[in-house]
Structures are given as C-alpha cells and as structure tokens.
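1. just a sequence and a predicted model for now, questions to come.
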Amino acid sequence: MKSSFKGMRALATGVAAGAMAAFWGASALAAEDLVGQPTPGAIDFQPGVTPLRHDAIFFHNAILLPIITLIVLLVLGLLIWCVVRYNKRANPVPASWSHNTAVEVVWTLVPVLILVFISIFSFKLLFAYHDMPKPDLTIKATGYQWYWGFEYPDQKIPEFVSNILPEDQAKARGVPYRLAATQPLVVPVHKTVRVLVTGADVIHAFAVPSFGIIIDAVPGRLNETWFNARKEGVYYGECRELCGKDHAFMPIAVRVVSADLFKTWVDTLKSGGIDAANKTLPPLTTAEVTDTPAGA
Ligand SMILES: [Cu+2]
C-alpha cells in the first residue's frame, strides 16, 4: 500500500517536473518570437503591435490564465484527495449522508462571482474594440474564393487583388510561403486604420493576429474593425473562416510604413500603377522577415 503510494507520488512529481520543463523551455523559445508571423514551436500569442492586441494579451495572461490555473489545480487536488482518502481500502465503510446546503450554495455562488469578475475586464475589452477613434484611413477588404481584394476609397484607389505568393517566389524573396501575398496591404504607422470587410461569394474572415483583429467577411454585409499599428514592419494574417478548398491559401500581408512612404506609395500607384508603387517600398529586411523553416 505504502510503496504504491510512493510510486504514484514519484510518477506525479516526474510528470509535473516534465510539464514545467516543457513550459519553461517553450517560454524561453517564445522570448525570441518572430514579429508579425507565427514562430515554429512557440506557445503563447504572437507579439502585438497595436493597443487592442496588448489589451487582449493582458486579459488572457493576467486575468484568464491565473484563474483557469487555480481552478484546474483545485479540481485536480479534490480529485486526488477523493481517490486517496475515500477509496475502498482507505475508507471501507462510506458515510451514508447526502446533500449539504452550505456546500451547494458555495459552489453555485463562487463560479458566478468568478464570471462576474471576468466580465468586468471582458466588457472593457469588448467596448475598446467597438470604440474606434476617428479613422485616418479607410480600407475595404473583400474576401473571394480564394483571394483578397483591397480598395482605398479615401485615396480613390480601386480594388486590387492579392493572391498567395507561389512557393518558388516566396523562397526566392525569403518570405514565408503561405503567409506572403502577391500584393501587400500598405498602411501608415501610428494611424487609425478602419477596415471595412465583406465577402463576395461565401463567408471568409479577415484576421491579423499581431493587430489583434478578426472579423467575418459576410456577403451582403459590411463589417468594420480597426487597428493602429505602432511599429513599422510586415504583419501576416489569413482567412479565418472555412471557405472552401483553398481556404488555407488566401493569406493577408500588411506592410506598415512611415506616413511619408505611404504617401509616396499612393501617389506612385495613382500615376504609375501598383507594380511601380510596390517598387517604392524597401525590400523586406531579415529583421522584419525570417524564413519559416521547412515543414513548419
Ligand atoms: Cu476565405
């Protein structure tokens, strides 16, 4: 009896130690997270470059994660306690009472209070998402089977198409295949960008993790979201609603550039077309883009 206990305890300690090592090992990797794209082998979220994304990461890491960890540990502790203390050998004659009003009141009230506590932070975040500051720029994104169309109504730039960048071209340019797109969405840094999102055929979804945004692209409906990127660079997103056979092949690439460069890009696009405009953008540096290792 005693020796089997010891064995169980050693096993539990070993599992816990292994889990901790895996967690901290993965966290160490996450310290070198790539910006604007997923990091192979990492846990946790992609780093954020917008205020909304920072608020969302705070909500998850500082509010939800501690609460869920405590609940898991409490339930696990109760389970282990019941198994050890009240098994047939340790407790051959079980008590015959049932129901306890005080306990039932506690296990109803405590979860309600936990949910109310979470909702305070959750609603604050939801309101922040809906409380868009006055936009400096509006972009219309339309989801098609299976590519994106982008339009800049303020700048009178008609819709242009952004496809997935083929694998050989992505490799040649040193950008991540299946995230890189033929036409980036170009926006200025430190500006509030309103994104109007719709679908042309089926429901798609416009999502860029490092901006903390995801919104459905529904045919016949115009949805709205916003972001204010605080750092120049390239940020990748994808369609996030199963939309057919090539759902996994309609990435979104967003280039966040200085206000001056954005103006040059717009002016060049209007006078010389989109290919000339893209030539005004500096090539992606290795700091901005790191090739995704094969198989990732
Ligand atoms: Cu889609």
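-> Received it, and whenever you're ready, just let me know what you need. Numbering: from 1, shown residues only.
2. which helix or strand contains the residue in the chain sticking out farthest from the centre?
-> Centroid-distance maximum for the chain: Val93 at 52.4 Å, with Cα atoms, centre = their mean. Using DSSP states H and E, Val93 sits in no helix or strand.
3. what does the stretch 151-296 of the chain have sitting close to the ion?
-> Within the stretch 151-296 of the chain, the positions adjacent to the ion are His204, Cys239, Cys243 by Cβ under 5 Å from the ion. C-beta: built from backbone N, CA, C; applies to glycine.
4. name all residues that make contact with the second one.
-> Looking back up the chat, that one is Cys239. Gly143, Trp146, Trp148, His204, Ala205, Phe206, Ala207, Ala217, His247, Met250, Pro251, Ile252 (Cβ atoms under 8 Å, 6 or more residues apart in numbering).
5. please report how far it lies from Leu34.
-> Per Cβ to Cβ, to the nearest Å, Cys239 is found 21 Å from Leu34.
6. send the alpha carbons of whatever helix or strand Thr142 lives in over as PDB?
-> According to DSSP H and E, Thr142 maps onto strand 137-144. The C-alpha coordinates for strand 137-144 follow below in PDB (Å, rounded to 0.1, in the frame of the first residue of the first chain):
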ATOM      1  CA  LEU A 137      -7.600  56.000 -43.300                       C
ATOM      2  CA  THR A 138     -10.300  53.600 -44.600                       C
ATOM      3  CA  ILE A 139      -9.600  50.300 -46.400                       C
ATOM      4  CA  LYS A 140     -12.200  47.900 -47.800                       C
ATOM      5  CA  ALA A 141     -11.200  44.200 -47.800                       C
ATOM      6  CA  THR A 142     -13.300  41.800 -49.800                       C
ATOM      7  CA  GLY A 143     -12.900  38.000 -49.400                       C
ATOM      8  CA  TYR A 144     -13.200  36.000 -52.600                       C
END
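7. can you give the strand pairings for it, parallel or anti for each?
-> strand 147-152 (antiparallel), strand 193-199 (parallel) (DSSP bridges).
8. name the residues that touch the longest one?
-> The contact list for strand 193-199, computed with Cβ under 8 Å, 6+ apart, reads 132, 135-144, 187, 206, 213, 215-229.
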